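Trainee: sharing a sequence plus its predicted fold:
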Amino acid sequence: MKDKHTINTLNNLIETCKDGEYGFQASAEHAQDPRIQQLFQSRARDCREAAAELQTLVMQHGGKPEDSGTATGKVHRGWVAVMGSLAGYTDLAMLEETERGEDAALARYRAALKEDLPAGVASIVEAQMQGVQRNHDQIKSLRDQVRATTV
């Protein structure tokens with residue numbers, strides 16, 4: 001029973017990672033500044049690697065790992081595309097949206113850490129959450145810098 005709970009929790013985080021990967025990749029395609037494009041591409045790779053690590057854990061616990069994002073993530077990416085086409089894809093808009101996505105990812109990781117997870121799993125989830133927090137902080141800082149130069 002505990003393995004099923006662990007598998008479900010990990011699969012939810014895999015979906016979160018996949019949402020992040022797809023969101024960062026889409027944002028990289030629309031960013032104007034090569035530095036921001038590189039940042040988004042790097043974060044997309046980080047998300048892909050985090051998902052792979054979680055997928056391995058799911059298999060170790062006897063489950064079938066998720067391999068796609070959430071419906072909410074798809075809707076969010078669609079909304080970004082619509083807003084971008086209406087308002088123009090600006091670096092500031094892409095940074096704001098990726099920050100919003102990282103806020104959601106942090107919330108999901110925090111919720112996962114409140115679950116009764118095996119110690120080894122919890123330590124990996126904690127380490128990944130710290131990475132999400134670093135991503136969030138870096139994106140927020142860059143957003144603030146871009147905002148200051150465009151106002």
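Mentor: Done, it's in. Numbering: from 1, shown residues only.
Trainee: run through the residues that contact the residue nearest the centre of the chain.
Mentor: Residue closest to the average C-alpha location in the chain (CA atoms, centre = their mean): G20, at 2.8 Å. When contacts are counted by CB atoms under 8 Å, 6 or more residues apart in numbering, G20 touches 43-44, 47, 50, 101-102, 105, 132. C-beta coordinates here come from the backbone N, C-alpha and C atoms, glycine included.
Trainee: now for the helix ranked longest in the chain, which elements pack on it?
Mentor: Ranked by residue count and defined by DSSP state H, the top helix of the chain is helix 119-150. Counting by 3 or more CB pairs under 8 Å, 6 or more residues apart in numbering; DSSP states H and E, the packing neighbours recorded for helix 119-150 are helix 2-30, helix 34-60, helix 91-113.
Trainee: mind listing what's buried in that helix?
Mentor: 121-122, 124-125, 128-129, 131-132, 135-136, 139-140, 142-143, 146 (16 or more other CB atoms under 10 Å).
Trainee: which single one of those residues is nearest to L95?
Mentor: R143 (3.9 Å; CB to CB).
Trainee: for that closest one, which non-adjacent residue is spatially closest?
Mentor: L95 (3.9 Å; CB to CB, 6 or more residues apart in numbering).
Trainee: got it, and I7?
Mentor: With CB to CB, 6+ apart, the residue lying closest to I7 is G63, at 3.5 Å.
Trainee: ok, G101 next?
Mentor: Nearest one to G101, counting by CB to CB, 6+ apart, is G23 at 4.8 Å.
Trainee: just give me the closest of the buried residues of helix 119-150 to S27.
Mentor: Closest to S27, out of all of the buried residues of helix 119-150 and judged by CB to CB, is I139, at 9.7 Å.
Trainee: for the residue nearest to that closest one when sequence neighbours are not counted, which residues are in contact?
Mentor: Distances taken as CB to CB, 6+ apart put E99 closest to I139, at 4.9 Å, once the chain neighbours are dropped. In this structure, E99 makes contact with 136, 139-140, 143, judged by CB under 8 Å, 6+ apart.
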